[in-house]
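# fold the following.
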Amino acid sequence: MNLFQIFDTIATVEPEFNERISPRREAIRNMMSFGKKVSIAAIPFVLSDLIKRAYGQTAPTDVTGVLNYALTLEYLEAEFYTLAAEKSGLIPSGRPLQAIKTIRDHEVAHVGFLKEVLGNAAVTKPTFDFTAGGTFSSVFSDYDTFLALAQAFEDTGVRAYKGQAGILKGNQVVLTAALQIHSAEARHASHIRQMRRARGGAAENQKPWITGANDSGIGSVVDPIYAGEDNKVQAGVDITMLSGVSGKISVNAATQSFDEPLTADSVLDIAGLFIVQD
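Numbers count the residues shown, from 1 in each chain. I've put the predicted structure just below:
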């Protein structure tokens, strides 16, 4: 059996999938508009209504659900970076623009791969509005706003992938592919953080790794994205009690050394969706 023959079996994991997803597609078209004003700090909450409506307000529980969960995240990121790269004057030319184009190409590849794996079971890409009905009208005209949104997407995405590994452990082929995507997303997150740091201001102390709970410089409203990142105990071992180069390992080093997962429920709870209402 070759790789794609294995993938073809995924669609049979949940026999009632097509019946369950069809009415949800109509629900997606009728989602709420985003007329309410919110602060720029709220920009990461942009994903879950679509996923919740597609999966009955619950987290994915099988391989097909996890892959569609991932596909929705990749749809959003691919379109986000595609629009940004095409927007004249938004991203400084040279290395910054090339980096965003490279990330865009990675996300587009992820979308294509997941759609190939899922076949007819793949969820339909929604129509995104990254301004949220005009609330974030500067997302594609202000570079700092764009980077802040990019970091929020990437940090959420990395933890979201990690949180689903348990469901995929019975399918080594799919688990391996998901871990490969997860690693690429982690590199994106690190690079975006460094791009923000280069801008200075609120992000001047940004590091390529997460330190404690919410080191984003975006504000307390994104705390749920970083919930649990201040954990210093791993597998029952208090990392701060271990010997470091000079004395005990610091709390900062302990939290930086281990990245924490987010459960699907947590991701759905902290996410919202920017989608055009048909």
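# how about the helices in this protein?
Counting by DSSP state H, the chain has helices at residues 3-8, 17-29, 48-54, 63-86, 95-118, 143-163, 165-168, 172-199, 251-257, 264-270.
# in TSV, list those helices along with mean pLDDT, distance to Ser220 and mean neighbour count.
Placement of C-beta: from N, CA and C, glycine included. Formatted as TSV, the helices of the chain follow (pLDDT from 0 to 100; distance: least, Cβ to Cβ, whole Å; neighbours: other Cβ atoms under 10 Å):
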stretch	mean pLDDT	distance to Ser220	mean neighbour count
helix 3-8	38	42	13
helix 17-29	37	31	14
helix 48-54	49	20	22
helix 63-86	91	24	22
helix 95-118	96	27	18
helix 143-163	88	13	23
helix 165-168	85	29	17
helix 172-199	92	18	18
helix 251-257	92	18	17
helix 264-270	68	13	20
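# redo these as a markdown table? Include distance to Asp129.
A markdown table is the format used below for these (distance: least, Cβ to Cβ, whole Å):
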| stretch | distance to Asp129 |
| --- | --- |
| helix 3-8 | 32 |
| helix 17-29 | 13 |
| helix 48-54 | 12 |
| helix 63-86 | 10 |
| helix 95-118 | 18 |
| helix 143-163 | 13 |
| helix 165-168 | 30 |
| helix 172-199 | 21 |
| helix 251-257 | 35 |
| helix 264-270 | 19 |
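# how about these, which one is nearest Asp238?
In terms of Cβ to Cβ, the element of these nearest to Asp238 is helix 251-257, at 8.1 Å.
# who's in contact with the closest one?
207, 209-212, 229-232, 239-240, 244, 249 (Cβ atoms under 8 Å, 6 or more residues apart in numbering).
# pull the CA atoms of it into CSV?
In CSV, the C-alpha atoms belonging to helix 251-257 read as follows (Å, rounded to 0.1, in the frame of the first residue of the first chain):
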residue,chain,number,x,y,z
VAL,A,251,12.4,29.8,35.8
ASN,A,252,12.8,31.6,32.5
ALA,A,253,15.1,29.0,31.1
ALA,A,254,12.8,26.2,32.4
THR,A,255,9.8,27.7,30.6
GLN,A,256,11.8,28.4,27.4
SER,A,257,13.1,24.9,27.2
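# my read: Ile249 touches Thr240, true?
Yes: contact criterion Cβ atoms under 8 Å: Ile249 and Thr240 qualify, at 5.6 Å.
# if I look at the residue nearest the centre of the chain, how far off is Ala178?
For the chain, the residue nearest the mean C-alpha position is Gly157 (2.1 Å; Cα atoms, centre = their mean). The gap separating Gly157 from Ala178 is 12 Å, by Cβ to Cβ, to the nearest Å.
# out of the helices of the chain, nearest to Phe130?
Of the helices of the chain, nearest to Phe130 by Cβ to Cβ is helix 63-86, at 6.2 Å.
# just how off-centre is the closest one within its chain?
Relative to the centre of its chain, helix 63-86 is centred 8 Å away, using Cα atoms, centre = their mean, to the nearest Å.
# for Arg159, see how far away the nearest residue to Ala165 once chain neighbours are set aside is.
Once flanking residues are discounted, Ala165 sits nearest to Leu175: 6.7 Å by Cβ to Cβ, 6 or more residues apart in numbering. According to Cβ to Cβ, Leu175 stands 17 Å off from Arg159.
# likewise Lys232?
17 Å.
# so Phe146 makes contact with Leu90?
Yes: counting by Cβ under 8 Å, Phe146 touches Leu90, with 6.3 Å between them.
# overlap of the contact sets of those two?
Residues touching both Phe146 and Leu90 (Cβ under 8 Å, 6+ apart) are 84, 140.
# can you pull the contacts of the spatially closest residue to Ala254 that is not a sequence neighbour?
By the measure of Cβ to Cβ, 6+ apart, the closest residue to Ala254 outside its immediate chain neighbours is Ile239, 3.7 Å from it. Shown in contact with Ile239 (Cβ under 8 Å, 6+ apart): 232-233, 249, 253-254, 257-258.
# one more time with 7 Å
232, 249, 254, 257 (Cβ atoms under 7 Å, 6 or more residues apart in numbering).
# how close does it get to Ser138?
Distance of Ile239 to Ser138, given as Cβ to Cβ: 40 Å.
# one more: Ser266?
28 Å.
# ditto for Leu262
Going from Leu262 to Ser138 by Cβ to Cβ gives 28 Å.
# right, I'll leave it there.
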